[in-house]
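Chemist: the following block contains a protein sequence and its predicted model.
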Amino acid sequence: MNDWLTRDLQHLWHPFTQQDEWAGEPKLCIERAEGVELIDTEGRRYLDAVSSLWCNVHGHRHPKLDAALLDQVGRVAHTTMLGLTHPPGIELAERLCALTGLDRVFYSDSGSSSVEVALKIAFQAQQQRGHTQRTRFAAFTEAYHGDTLGSVSVGGIDLFHGVYRPLLFDALRIPCPDRPDPEAEARCLAQAERLFAEHGETLAGFIFEPLVQGAAGMRMHSPAFLVALCTLARDAGVLLIADEVATGFGRTGTMFAVEQAGIRPDILCIAKGITGGYLPLAATLTTEAIFDLFRGPYTAWKTLFHGHTYTGNPLACAVALASLDIFRDEAVLQNLGPRVEALRNGLLLLRHRCVLERRQRGLMAAVRIGPFSADARMSHRVALACRDEGVIVRSLGDAIVLMPPLAMTPSQIRACTAAIGTALHRLVPA
Ligand SMILES: *Cc1c(COP(=O)(O)O)cnc(C)c1O
């Protein structure tokens, strides 16, 4: 009965997965973990170089996170925020506001939900302040904000989103370069200027992934470009919605990426790293000015009628608090420098004629390889081949993504980049 991989094929449907491909390729079944290593059912160990899909921060089975979870289990695993409240939810809201400079926290349970909430808040806030013509959103080209239909509507990755177009609302597209090249950014900015001049008065909000468009394959832009765009949006009365689901919690070198641009968004979406990668939790933060637009007597009908069953789950909040303690007590951000440097050096050492480009900000990185036809599935095959080197990575389009936990040591990070080099040389001999 322990033939997990055969049984997997009987009933599971994996996310973002062509099941016919999955059925035909070697598979791993992860049974436990220690620090930044995943351990499969055969006892083999792998460095978790994608942070278990971009959310693990301090490593797996961190004693303080484990203890916080167990302590909360001993009190209550789940209650509700609809009509009741609880200490870890309150304390976490206080700490998140202090960290971000924002004032209100609305909990949900996935990055996609945090974006749905942000879009609804922005739209309703504009309606309730009398800007009833502001019914649309601006978003970047190649944006990724999650997989629910609202977040897919503002998303712009055709491969993921194209088939659903008939179900979606239209978003206005702000072009965003794939690297912080001043000329490309100036061109995009000029287009954005025209867009805001022409349509600014119909826009409720501008949603963006600050500095790094993760799911698009780690496309990057400069803080100055983002500042200029946000100024245009602000001047047009458009609310700023920063989606830091991927970039938050130290990924780009600062706690939040907007700090590097000195931007205080009106609305901020956070998820992935919030619990250190332990439990599903997300939050949409807003300013007090936005919150005030939702206040009034019940029959003024200004309430935000939105919520999820597991909104603000106490177990998740307790672990999130412990994760923030670790950031503080173990000086996690202050210790990032040598890790970021190890990643940079490791990427530079990747010498192969098929390496087209390396992209990095903080501990977010991608290596683009090519030219290969799509059906060669080369980046995917390189990612699979890395497992023979004891490293778990994933591909995104023609890129191989590296997103190590912030706790990964410099030498482990170098082992991850070296694995990509070895795999690439094995599959495509020089
Ligand atoms: C992953 C991601 C989301 C969606 O989060 P889920 O928890 O997978 O729903 C939204 N925005 C960005 C920028 C992301 O990287």
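Modeler: Yes, it's here.
Chemist: only C-alpha atoms for contact and neighbour calcs from this point on.
Modeler: OK.
Chemist: pLDDT averaged over stretch 151-165, what's the number?
Modeler: Averaged across stretch 151-165, pLDDT comes to 92.
Chemist: could you dump that stretch to CSV, C-alpha only?
Modeler: C-alpha atoms of stretch 151-165 as CSV (Å, rounded to 0.1, in the frame of the first residue of the first chain):
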residue,chain,number,x,y,z
SER,A,151,-6.7,38.2,-10.2
VAL,A,152,-6.5,36.5,-13.6
SER,A,153,-8.3,39.5,-15.1
VAL,A,154,-5.5,41.8,-14.1
GLY,A,155,-2.9,39.1,-15.0
GLY,A,156,-1.3,39.3,-18.3
ILE,A,157,0.5,36.0,-19.0
ASP,A,158,-1.2,34.6,-22.1
LEU,A,159,-0.1,31.0,-21.5
PHE,A,160,-1.8,30.9,-18.2
HIS,A,161,-4.7,33.4,-18.7
GLY,A,162,-5.5,33.4,-22.5
VAL,A,163,-8.1,30.6,-22.4
TYR,A,164,-10.2,32.4,-19.7
ARG,A,165,-10.4,35.8,-21.6
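Chemist: for that stretch, buried residues please.
Modeler: For stretch 151-165, burial by neighbour count (16 or more other C-alpha atoms under 10 Å) applies to 151-157, 161.
Chemist: briefly note if it comes near the ligand.
Modeler: No. Using C-alpha under 6 Å from any ligand atom, stretch 151-165 stays clear of the ligand, with a minimum separation of 7.7 Å.
Chemist: and the strands in the stretch 251-400 of the chain?
Modeler: 267-270, 282-286, 355-361, 364-369, 391-392, 394-396, 399-402 (DSSP state E, counting those that start in this stretch).
Chemist: Serialize those to JSON lines and add fields for mean pLDDT and distance to the ligand.
Modeler: Putting the strands of the stretch 251-400 of the chain into JSON lines (pLDDT from 0 to 100; distance: least, C-alpha to the nearest ligand atom, whole Å) gives the following:
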{"stretch": "strand 267-270", "mean pLDDT": "99", "distance to the ligand": "8"}
{"stretch": "strand 282-286", "mean pLDDT": "99", "distance to the ligand": "8"}
{"stretch": "strand 355-361", "mean pLDDT": "97", "distance to the ligand": "15"}
{"stretch": "strand 364-369", "mean pLDDT": "98", "distance to the ligand": "11"}
{"stretch": "strand 391-392", "mean pLDDT": "98", "distance to the ligand": "18"}
{"stretch": "strand 394-396", "mean pLDDT": "96", "distance to the ligand": "12"}
{"stretch": "strand 399-402", "mean pLDDT": "98", "distance to the ligand": "13"}
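Chemist: export those to a markdown table and append columns for distance to residue 186 and mean neighbour count.
Modeler: Putting the strands of the stretch 251-400 of the chain into a markdown table (distance: least, C-alpha to C-alpha, whole Å; neighbours: other C-alpha atoms under 10 Å) gives the following:
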| stretch | distance to residue 186 | mean neighbour count |
| --- | --- | --- |
| strand 267-270 | 26 | 28 |
| strand 282-286 | 30 | 28 |
| strand 355-361 | 20 | 17 |
| strand 364-369 | 24 | 24 |
| strand 391-392 | 38 | 25 |
| strand 394-396 | 27 | 20 |
| strand 399-402 | 26 | 26 |
